[in-house]
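Q: kindly generate the corresponding structure for this input.
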Amino acid sequence: HSGGCAHYMQFTAVRLWHPRLDPKPLAAYPYLDYRIKSRMKKCDICVVRNAVCLTYDDVLCYDNPSFFCEPCYMQLHYTVPDENGYAALAYEQFNAEQYVP
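A: Residues are numbered from 1 along each chain as shown. Predicted coordinates:
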């Protein structure tokens, strides 16, 4: 949010506050009764966590591009870390980039 985006709101029912029908604490407002579903893509491997990385032309994946959460990406594309904590690429037949929805 550095000034490069626009947020749109649509008001569908505006009415006066009623003490028996409406929440009383001020912290309950603004009251949202509908939200747009998240556009975050899930990981193609675990289908649980949100994707943070995507790969193109990955020889081990069915889809192009393929979406990964960080743990699944690391397990598929890197070797087990050695005693110094260094993990090398397991193979290089793919292009990867950060996923920004």
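
Q: can you report how many residues lie near the closest residue to residue 80 other than its chain neighbours?
A: Spatially, and ignoring its direct neighbours in sequence, residue 80 is nearest to residue 87 (6.9 Å; CB to CB, 6 or more residues apart in numbering). For glycine as for every other residue, the C-beta is placed from the backbone atoms N, C-alpha and C. Using other CB atoms under 10 Å, residue 87 is surrounded by 13 other residues.

Q: contacts only, for residue 87.
A: 74, 78, 79, 80, 81 (CB atoms under 8 Å, 6 or more residues apart in numbering).

Q: let me know the closest of the residues you listed to residue 59.
A: Of all the contacts of residue 87, residue 78 has the smallest distance to residue 59: 15.3 Å, by CB to CB.

Q: quick one: the closest one and residue 56, what's the gap?
A: 18 Å (CB to CB, to the nearest Å).

Q: just the CA coordinates of stretch 80-97, formatted as CSV?
A: Provided in CSV are the C-alpha atoms of stretch 80-97 (Å, rounded to 0.1, in the frame of the first residue of the first chain):
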residue,chain,number,x,y,z
VAL,A,80,19.1,-32.7,2.5
PRO,A,81,21.3,-30.1,4.2
ASP,A,82,24.8,-31.2,5.1
GLU,A,83,26.5,-30.8,8.5
ASN,A,84,27.1,-27.1,7.7
GLY,A,85,23.4,-26.5,6.9
TYR,A,86,24.0,-26.1,3.1
ALA,A,87,21.3,-27.6,0.8
ALA,A,88,22.1,-27.8,-2.9
LEU,A,89,19.7,-27.8,-5.8
ALA,A,90,18.7,-31.4,-6.5
TYR,A,91,18.3,-30.6,-10.2
GLU,A,92,18.2,-27.5,-12.5
GLN,A,93,15.6,-28.3,-15.1
PHE,A,94,13.2,-25.5,-14.1
ASN,A,95,12.8,-21.8,-13.7
ALA,A,96,11.5,-20.5,-10.3
GLU,A,97,10.3,-17.1,-9.1
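
Q: pLDDT on it, on average?
A: Across stretch 80-97, pLDDT averages out at 83.

Q: which parts of the protein are strands?
A: Assigned by DSSP state E, the strands in the chain fall at 53-56, 66-68, 95-98.
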